[in-house]
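Student: sequence and predicted structure below; questions after.
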Amino acid sequence: MQVSSKMSIFQSSQVDKVMALTEAAKAAGRDIISLNMGVPFYPLLPEIATKLAANLTRPDISFYTPFNGRSDLRAKLAEVSSHKTGRKVSPEEISVTVGAMAGLFNVFLTVLDQNDEIIIPAPYFYSYRQQVELVGAKAVEVPLELNSQGAYELPLERIKKAINKHTRAILINSPHNPTGAIFSEQNLRELAALVADKKIYVITDEVYDYLSFTGKEVFNIASLWRDLDPYLIRCYSFSKIYGITGYRLGYLQADKALIDKLYGVNMDTVICAPTIAQELVMIALSEPELPSLAKHIKTLTANRSLMMKELDQSPELFSYIIPQGTYYMWVKYHLPISSYQLTRRLIQKEGVAVFPGTGFGEAGEGFIRFSFGGQAAKVTEAFARLRQSGLK
Ligand SMILES: Cc1ncc(COP(=O)(O)O)c(C=O)c1O
């Protein structure tokens, strides 16, 4: 078989390997508890599902929408974006995408040329690097730092040093997968000041912005648009918030001129985001309140406490920084083996699936990522298995 040289980019994916290990263990009859997947425990919220079901037979639901998304949805998303950024956003600055993944890929194709560099704070969501490399650009990993209060933050000095004439963009994901960090307003203001006037795109990945355990709204660097425009590109996803990872819907907000370019990419790759998912999000955004979402966030908050309690019982094995957002726990383990070896052992011997830290870039060696997005009972059972295993 002859395939393009680009395919070599995918060979090193540890996430794929771990998924394959998990599937093989399941096929061999092992009962595996999955604490690895980045999916919430809840499906589509019932308030939305009922209304969506009533519209399923509407003829337009079966057909394409405009390339950049339905105009009423773009108008709604412009309203939402105005609230998030503190300035009036117009529908022409919005492009509806096939989840955040397609949104990000469209952006990388649009702004990165061969050998351009994009700075990515590490550890990071594993697909960023592959997408960047697919478009022929270079992902420059810059490890996060711990500040004096023991919280993860963007390493401004390192970022400053990493910037050179090839630097085209920096990617900011807050709340952050996999550490659960929410970068502070001061940290983000300093970053904005650092890149302002340098013609460097600031690309935000805001997938988890609804999930903050701090009691405060997440500070969005996009609210500093005055310093960053027209170099600001926001990427959002509805996958996690509404429990719809399979529906595939997100959107981009950027300068109108840039959206016009992104339009072409959307048109020639996917035509449009799924019409049914656009209908779903239109319904969701038109609801004044979503009580089931509020309930689920409470459950996730309780799951987080539960997982911390479980981890705290084995301080000789595990340590961690308390996550401020997302449903991930980025855990340092105190064992003399690689994160991949530990993950393999946990899957094959203990029947507990996690992700190895190195699946999130080189900075992740020595860590594993647990997800507490699943059922509380599964968390308890997984840690009972780990304690019984005599892991040392
Ligand atoms: C940080 C981050 N960005 C993007 C995605 C993918 O989002 P979507 O389902 O909208 O493509 C994920 C999924 O886990 C994620 O964690």
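Tutor: Structure's in. What do you need?

Student: which residues touch the residue in the stretch 1-150 of the chain that the ligand sits nearest to?
Tutor: Nearest residue of the stretch 1-150 of the chain to the ligand, counting by Cβ to the nearest ligand atom: Gly99, 2.8 Å away. C-beta coordinates here come from the backbone N, C-alpha and C atoms, glycine included. By Cβ atoms under 8 Å, 6 or more residues apart in numbering, the residues touching Gly99 are 237, 239, 245, 248-250.

Student: what of Lys261?
Tutor: Here Lys261 is in contact with Thr110 (criterion: Cβ under 8 Å, 6+ apart).

Student: my guess is Ser237 contacts Ala102, does it?
Tutor: No. Ser237 lies out of contact with Ala102 (Cβ atoms under 8 Å); the separation is 9.9 Å.

Student: which residues are in contact with each of the two?
Tutor: Gly250.

Student: looking at the two, which one has more neighbours?
Tutor: Ser237 (25 against 22; other Cβ atoms under 10 Å).

Student: secondary structure, distance to the ligand and pLDDT added to the contacts of Gly99, as TSV?
Tutor: Converted to TSV, these look like this (DSSP: H, G, I helix; E, B strand; the rest coil; distance: Cβ to the nearest ligand atom, whole Å; pLDDT from 0 to 100):
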residue	secondary structure	distance to the ligand	pLDDT
Ser237	strand	3	98
Ser239	coil	3	97
Thr245	coil	5	96
Arg248	coil	7	97
Leu249	coil	7	98
Gly250	strand	5	98
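
Student: farthest-separated two in those?
Tutor: Thr245 and Gly250 (11.0 Å; Cβ to Cβ).

Student: neighbour count winner among these two?
Tutor: Each of Thr245 and Gly250 has its neighbours counted (other Cβ under 10 Å); Gly250 has more, 26 against 17.

Student: residues contacting the nearest residue to that one once chain neighbours are set aside?
Tutor: Distances taken as Cβ to Cβ, 6 or more residues apart in numbering put Ser237 closest to Gly250, at 3.9 Å, once the chain neighbours are dropped. The neighbours of Ser237, taking Cβ under 8 Å, 6+ apart as the test, are 99-100, 103, 206-207, 249-250.

Student: what's the neighbour count on Ala193?
Tutor: 12.

Student: ugh, wrong one, Arg226
Tutor: For Arg226, using other Cβ under 10 Å, the count is 11.

Student: may I ask which helix or strand encompasses the residue nearest to it when sequence neighbours are not counted?
Tutor: Spatially, and ignoring its direct neighbours in sequence, Arg226 is nearest to Arg87 (7.9 Å; Cβ to Cβ, 6+ apart). Assigned by DSSP states H and E, Arg87 falls within no helix or strand.

Student: same question, Ala257
Tutor: Using DSSP H and E, Ala257 falls in helix 256-269.

Student: likewise for Leu44?
Tutor: Applying DSSP H and E, one finds Leu44 in no helix or strand.
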